[in-house]
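*Asks:* Have a look at this fold, sequence not included:
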Ligand code: PGA
């Protein structure tokens, strides 16, 4: 069966020292606690190795926030999937709406990144989600379907390694959360889109996370929905106690 997951996404926050301290705090808080989900912390490239040194991998798994669509070579400033893997990371966020919006990442690039991540034994957390205009004009189901379909070149085996994160762009960092019903409807839609392509088993085994102003006060209601398998957490992952509060929504 699919896993419940709470993943933090630090984005471009914390210096190296601050990041190591935060990771340490999260690790310490989780020790001896009854944790009913997989916990992942996705951090800036510069922090991966140092954060990995303080995390106990059976408590918190490590992830990156992006990787290059190129394997290696003359791409100044880029970081490849194999480089990410070599730090000890197990996961990589791909297709975050901020990457799509501010860095123009498109479906073709995201498919290339996903293939390289998988080839390097990294598990992609693949983000999808509509902007406010698409929510308001009613095209959101089609938009998200198209984003998921960008991965449909993958074999069922490879698709089975992917975690999907549904993050309505209008809810990210805005304090405005999708209602638990809106999240459930979209997650069920995404699962159906996967089922139509890959069959029931792959669809039922795919973890679909909700992201967008998820916090301790709303996590329980969101995670109680049958197709919401956890969260991708931005702002609330930058404080160890609020991140823990979200993890405890599964208790
Ligand atoms: P937020 O970000 O929790 O701060 O809204 C979520 C995300 O972008 O992954």
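*Replies:* That came in fine, so what should we check first? In this text the structure is predicted, and so the values were computed from the model without any measurement.
*Asks:* my guess is residue 143 contacts residue 135, does it?
*Replies:* No. Contact criterion Cβ atoms under 8 Å: residue 143 and residue 135 do not qualify, at 9.1 Å. Every C-beta, even on glycine, is put in place using the N, C-alpha and C of the backbone.
*Asks:* Now the longest helix along the chain: average pLDDT?
*Replies:* Across the chain, the longest stretch assigned as helix under DSSP state H is helix 180-198. Across helix 180-198, pLDDT averages out at 98.
*Asks:* same deal with stretch 44-54?
*Replies:* Averaging pLDDT along stretch 44-54 yields 98.
*Asks:* and if you look at stretch 76-85?
*Replies:* On average, stretch 76-85 scores 98.
*Asks:* Stretch 222-231 too?
*Replies:* Across stretch 222-231, pLDDT averages out at 98.
*Asks:* Mind listing what's buried along the helix or strand of the chain with the lowest mean pLDDT?
*Replies:* Among the helices and strands of the chain, helix 132-136 carries the lowest confidence by mean pLDDT, DSSP states H and E, at a mean of 94. With burial defined by 16 or more other Cβ atoms under 10 Å, the residues of helix 132-136 counted as buried are 134-135.
*Asks:* Next SSE downstream of it?
*Replies:* Later in the chain than helix 132-136, the nearest helix or strand by DSSP states H and E is helix 140-149.
*Asks:* hey, what's residue 61 bridged with?
*Replies:* residue 40 (DSSP bridges).
*Asks:* Double-check that residue 58 belongs to a strand.
*Replies:* No. Read with DSSP: H, G, I helix; E, B strand; the rest coil, residue 58 is coil and lies in no strand.
*Asks:* re earlier: chain center to the helix or strand following the longest helix of the chain, what's the gap?
*Replies:* Per DSSP H and E, the first helix or strand lying C-terminal to helix 180-198 is helix 200-205. Between the centre of helix 200-205 and the centre of its host chain there is 19 Å, according to Cα atoms, centre = their mean, to the nearest Å.
*Asks:* Same check on stretch 111-122?
*Replies:* 15 Å.
*Asks:* cool, and stretch 105-115?
*Replies:* Stretch 105-115 sits 15 Å away from the centroid of its parent chain (Cα atoms, centre = their mean).
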